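[1] here you go, sequence then predicted model.
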Amino acid sequence: MKIAALSDIHGNLFALDAVLADIDRRGVDLTVNLGDILSGPLLPPETADRLMALNLPTIRGNHERQVLTMNPDDMGASDRHANETITDAHRDWLAALPPVLRMEDEVFLCHATPYNDVDCYLEDLVDGELRPAPLQRIAERTGTCDASLIFCGHSHIPKLSRLAGGQVIVNPGSVGIQAYEGHHPGPHTVEVGSPHGRYAIAERLPGGWTVEFVAVPYDWDSAARLAQQRGRQDWVQALRTGFVRTL
Ligand SMILES: [Mn+2]
């Protein structure tokens, strides 16, 4: 069983197309989508069309919840752009997505943790930065989820952890945006440090889950130009470099 995991696409169809082509080239049994699919200044409806046609096992992230339930006046610019551009059919698709999914072969999908869609699973907020969380904290966040492989997203930081009992937790990173200023549970900055679209492949082998992290080049200049046209200067440098502050 070879599974490709995509997360945090954030409406970046430029990156998604390149990542899907890379997955096709490598060949996998299954591709899954961990949420935060559309929010952002780029191409929310076009991204939804592409993904709806693929019908991948998909869960919703906090941004899907926010787009569906928040008052538009209270939305951030990324959720507002998605909300204003998607159709009722896209909205119905999002509304039908489950928050978590248990798959065959002891695989569990969640956006942030098995229990909520906003707390980072593998990182803690320390001095305005997301730092690797101690294993005990990760075990607490796992709770009673006993899948041998747990995929999570949300932080956009590609990372693999292994609990004492042997469970592995994989964040494939973000397909669509490699740096951002976050606000929960306090202000912080994430900078993956390169513009490549990220995803991961996990394969169950006799020795256990073998995990490959992939960084895919794509036309980030076109994506950045579109972000510029939409007045999202914060996304322009993030798309081109994987940094929001320092270069
Ligand atoms: Mn998220």
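    Happy to help now that I have it. Numbers count the residues shown, from 1 in each chain.
[2] do stretch 176-191 and the ion meet?
    No: judged by C-beta under 5 Å from the ion, stretch 176-191 and the ion are separated, with a smallest distance of 9.1 Å. Glycine gets a C-beta too; all of them are placed from N, C-alpha and C.
[3] now do the end-to-end distance for that stretch.
    With C-alpha to C-alpha, to the nearest Å as the measure, stretch 176-191 spans 13 Å from end to end.
[4] next, the buried residues of that stretch.
    Using 16 or more other C-beta atoms under 10 Å as the test for burial, stretch 176-191 gives 176-180, 182, 188, 190-191.
[5] can you tell me which of these is nearest V118?
    G182 (10.0 Å; C-beta to C-beta).
[6] for the chain, what lies in contact range of the ion?
    Checking the chain against the ion by C-beta under 5 Å from the ion, the hits are 36, 61-62, 154.
[7] please repeat the previous calculation with a cut-off of 6 Å.
    36, 61-63, 111, 154 (C-beta under 6 Å from the ion).
[8] quick one, strands of the protein?
    Using DSSP state E, the strands of the chain run over 2-6, 30-33, 100-103, 107-110, 123-126, 129-132, 149-151, 159-162, 168-171, 179-182, 188-191, 197-205, 208-216.
[9] okay, buried residues for the third one please.
    Looking back up the chat, that one is strand 100-103. Buried residues in strand 100-103, counted by 16+ other C-beta under 10 Å: 100-101, 103.
[10] for the last one, same thing?
    Taking 16+ other C-beta under 10 Å as the neighbour-count basis, strand 208-216 is seen to contain the buried residues 209, 211, 214-216.
[11] ok, now the shortest one?
    By neighbour count with 16+ other C-beta under 10 Å, strand 149-151 contains the buried residues 149-151.
[12] closest one of the residues you listed to A15?
    A15 lies nearest to F151 out of the buried residues of strand 149-151, by C-beta to C-beta, at 18.4 Å.
[13] relative to R102, how far out is the closest one?
    Per C-beta to C-beta, to the nearest Å, F151 is found 11 Å from R102.
[14] who touches both of the two?
    In terms of C-beta atoms under 8 Å, 6 or more residues apart in numbering, F151 and R102 are both contacted by the residues 108-109.
[15] quick one: list the elements packing against the top helix by length along the chain.
    Longest helix of the chain, by residue count under DSSP state H: helix 13-26. Applying 3 or more C-beta pairs under 8 Å, 6 or more residues apart in numbering; DSSP states H and E, one finds that helix 13-26 makes contact with strand 2-6, helix 44-54, strand 197-205, strand 208-216, helix 220-229.
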